[in-house]
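K.L.:
give me a model of this one.
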Amino acid sequence: MHKLGLLFALALAALVLPGESRTPLDVAKKYKCTHFLAVVSAANATSVLSDPSLSATVLVFKNSGLDNLLEKWRVSRSVLLADTVLLQELLLYHILPSPMKTSTLVRKSPLATLQPGQTITARRTFSGRVQLRGTAPDSNTIVSNRDHSAGKSIVHLVDEVLYFNIPSTNTFKSFSSHYKGRVLSTTVPVIIDIPAKPTGVGMVLTHGEGGRIDTEGLPQYAHYFAAAGITVVRFACTSVPYQNFRNDVYHAVLNNATMLWPETKNITKWILSGRSDGARGATEIAYRALTGLGTNMTSPIHDGVRNDDIGDPWTANNAGLKPINASLVRGVLSFSYPLLGEDGKTDIRSVPLINITQPLMFISGTQDPYMTRNLTEWRNIMTHLASNDTTFHYVPNVAHLLEWDSGHDMPDAAIQAYLNAADAVDWVMRVAGAA
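P.N.:
You can find the predicted model right below:
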């Protein structure tokens, strides 16, 4: 990600050849595609796309296409245009490395783009029009104005902005889970997202109540961090609906990752992460790493800050779990931490959050009632945090699950946009000591 600007320039510069005078930007200007021109400018690509010797296929999206994308992703135009990295990736995804008319696009589909590892597909509809599809499930567009000569390039006007999914290499694991010494009939599914160039940093990631290993944005988070060189171990725990049982499963996953699984056992820098109740599990395991003890969630804590969650206290010999080396856990990254319960007053999930000293990062929606319903209580708890390294990032206009509509996650690129805005990778690498 940090080298993207150089790669972006090199990828485009390689296509520049001696040639004619008309350029892709001339076509964009002729058809008043001002939003495309704004993206090109913000991505620092004006000089290349206005070079008459550029030899490529350029997909120019209409103004309505970017407007539709902003509405779909629920981000403002100013926020998107400020994200140079994402804009360069989107722009590279709209450029093919050789000039092709639409008939050639369909014949040669799938088509490589200048965005590394990403392709688009082309087909003819029943009405004879050419449809292009990105790798994201809901990314597609019609070529509405085709085959414009632009120097040595060919330009097609498309109705919508295309975007892509982020690939990764997965390894699957599973193991039996325990509760009060009893082996459950089900197993814990685990997926390890292995980066192409590992940095020696690992992350454990899990879902919230009622989630699964492939929901709540977990695959997108895992792919995003794996693309930055972070090995991500994500798991699901849906067998027993008790938070303390889920905490024990989280503990067992970290034990296996650091002691057993060959893909991860040599990693010595770990970030614990989760979404909603999964974030509570991450904080509990960070506390266990510090103290060797578990949290008795039925006990009150100091200075009047309460925790009314019900559960069984963890004990050192519970389910055969091994102690966690405190030096392994470098920080906790919480997505939609559910600090406040249903009424926002009596059910305060502050234990063991206020007691852990590792660096903390919170990413939450501005409309999340579990964080914003009782701001006085939230500010009170913030004054009691033992950690002296806390970072907060709020995603505008989204609620608790960082999704737009119930059951519908954001596309990869939209999730990438708010993770970029939060500088999440930089935070992970800094607190892990790998920056």
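K.L.:
measure residue 134 to residue 221 for me?
P.N.:
From residue 134 over to residue 221 the distance is 20 Å, taken as Cβ to Cβ, to the nearest Å. C-beta: built from backbone N, CA, C; applies to glycine.
K.L.:
quick one: strands adjacent to the helix or strand residue 274 falls within?
P.N.:
Secondary structure from DSSP states H and E places residue 274 in strand 269-275. If you go by DSSP bridges, strand 269-275 pairs up with strand 201-206 (parallel), strand 329-335 (parallel).
K.L.:
tabulate the ones you listed (JSON lines), appending mean neighbour count, mean pLDDT and distance to residue 194.
P.N.:
As requested, those are arranged in JSON lines below (neighbours: other Cβ atoms under 10 Å; pLDDT from 0 to 100; distance: least, Cβ to Cβ, whole Å):
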{"stretch": "strand 201-206", "mean neighbour count": "28", "mean pLDDT": "95", "distance to residue 194": "10"}
{"stretch": "strand 329-335", "mean neighbour count": "25", "mean pLDDT": "94", "distance to residue 194": "19"}
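K.L.:
for those strands, could you give me JSON lines that also reports distance to residue 164?
P.N.:
Listed next are those as JSON lines, based on distance: least, Cβ to Cβ, whole Å:
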{"stretch": "strand 201-206", "distance to residue 164": "21"}
{"stretch": "strand 329-335", "distance to residue 164": "22"}
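K.L.:
which stretch among these comes nearest residue 71?
P.N.:
Smallest distance to residue 71 across these (Cβ to Cβ): 23.4 Å, for strand 329-335.
K.L.:
what does the closest one rub up against?
P.N.:
Residues from elsewhere that reach strand 329-335 (Cβ atoms under 8 Å, 6 or more residues apart in numbering): 203, 217, 221, 269-276, 278-279, 282-283, 285-286, 289-290, 356, 358-364, 389, 402, 424, 427-428, 431-433.
K.L.:
check stretch 79-95 too.
P.N.:
Residues from elsewhere that reach stretch 79-95 (Cβ under 8 Å, 6+ apart): 1, 4-5, 8, 11-12, 38-40, 42-45, 56-61, 70, 73, 113-115, 118, 120, 134, 158, 161-164, 396, 413, 416-417, 420-421.
K.L.:
among these, which are in strands?
P.N.:
When the contacts of stretch 79-95 are checked against strands (DSSP state E), the matches are 57, 58, 59, 60, 61, 120, 158.
K.L.:
and the helices in the stretch 101-250 of the chain?
P.N.:
Secondary structure of the stretch 101-250 of the chain (DSSP state H, counting those that start in this stretch): helices at 102-108, 218-227, 243-259.
K.L.:
contacts only, for residue 268.
P.N.:
Under the criterion of Cβ under 8 Å, 6+ apart, the neighbours of residue 268 are 200, 327, 328.
K.L.:
okay, it: pLDDT?
P.N.:
pLDDT, residue 268: 93.
K.L.:
measure it to residue 56 for me?
P.N.:
Residue 268 is 44 Å from residue 56, by Cβ to Cβ.
K.L.:
what's the answer for residue 30, then?
P.N.:
Residue 30 is 18 Å from residue 56, by Cβ to Cβ.
K.L.:
neighbour count winner among those two?
P.N.:
A direct count of neighbours by other Cβ atoms under 10 Å for residue 30 and residue 56 places residue 56 higher, at 24 against 13.
K.L.:
show me the contacts for the more buried one.
P.N.:
Neighbour list for residue 56: 15, 24, 95, 96, 97, 98, 99, 114, 153 [criterion: Cβ under 8 Å, 6+ apart].
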